[in-house]
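>>> any chance you can model this:
(one chain, ligands or ions: 1)
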Amino acid sequence: MIELPKFLDDRGNLSFIEEDNHIPFEVRRVYWIYDVPGGEQRGGHAFKQTEELIVALSGSFDVVLNDGFEEHRFHLNRSYYGVLVPKMFWRMLENFSTNSLALIIASTEFNNEDYIRDLNQFKKLKAQ
Ligand code: TYD
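As a prediction, this is how the structure comes out:
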């Protein structure tokens, strides 16, 4: 979990992300997840190479990370916190609040070959 800069102001607050100061990789892609129906989960996979920074720009949700042995749950409900997801972590996004908006900054362009979608295969690879 990393804390991003924030400028609190009567006119509204402002936060920002700079690649060189807040992200331990070169940014290749930005995507966002929105309009998630109540009770739905996103993710449920790992990436072989992709690293990510996940920010709850609006609302709240949980980022659940599993390294193959232990699970860690991060509750994001402020837009000035981000969860860094290293490569080869099983990751799940769940418990989305109404109108939540997940911003995801990634180290790679989209490549379906980078996904591991089978949890057993992931656990086997981590156990090697
Ligand atoms: P997926 O990564 O499976 O969603 P999640 O893990 O959040 O449940 O992506 C859903 C679909 O969107 C899938 O068909 C691939 C496509 N997609 C892209 O084309 N580009 C992207 O950058 C991402 C993240 C997904």
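>>> beta partners of residue 104?
Taking DSSP bridges as the rule, residue 104 bridges to residue 31, residue 54.
>>> tell me, how many residues neighbour it?
Other residues near residue 104 number 20, with proximity taken as other Cβ atoms under 10 Å. (Glycine included, C-beta is placed from N, CA and C.)
>>> cool, and residue 54?
Neighbour tally, residue 54, other Cβ under 10 Å: 23.
>>> most centrally placed residue in this protein?
Centroid-nearest residue in the chain, with Cα atoms, centre = their mean: residue 54, separated by 3.1 Å.
>>> now that residue: how far from residue 5?
Here the criterion is Cβ to Cβ, to the nearest Å. By it, residue 54 lies 17 Å from residue 5.
>>> could you do residue 22 as well?
For residue 22, the distance to residue 5 - Cβ to Cβ - is 8 Å.
>>> which one's more surrounded, these two?
residue 22 (16 against 12).
>>> contacting residues for that one?
2, 4, 53, 82 (Cβ atoms under 8 Å, 6 or more residues apart in numbering).
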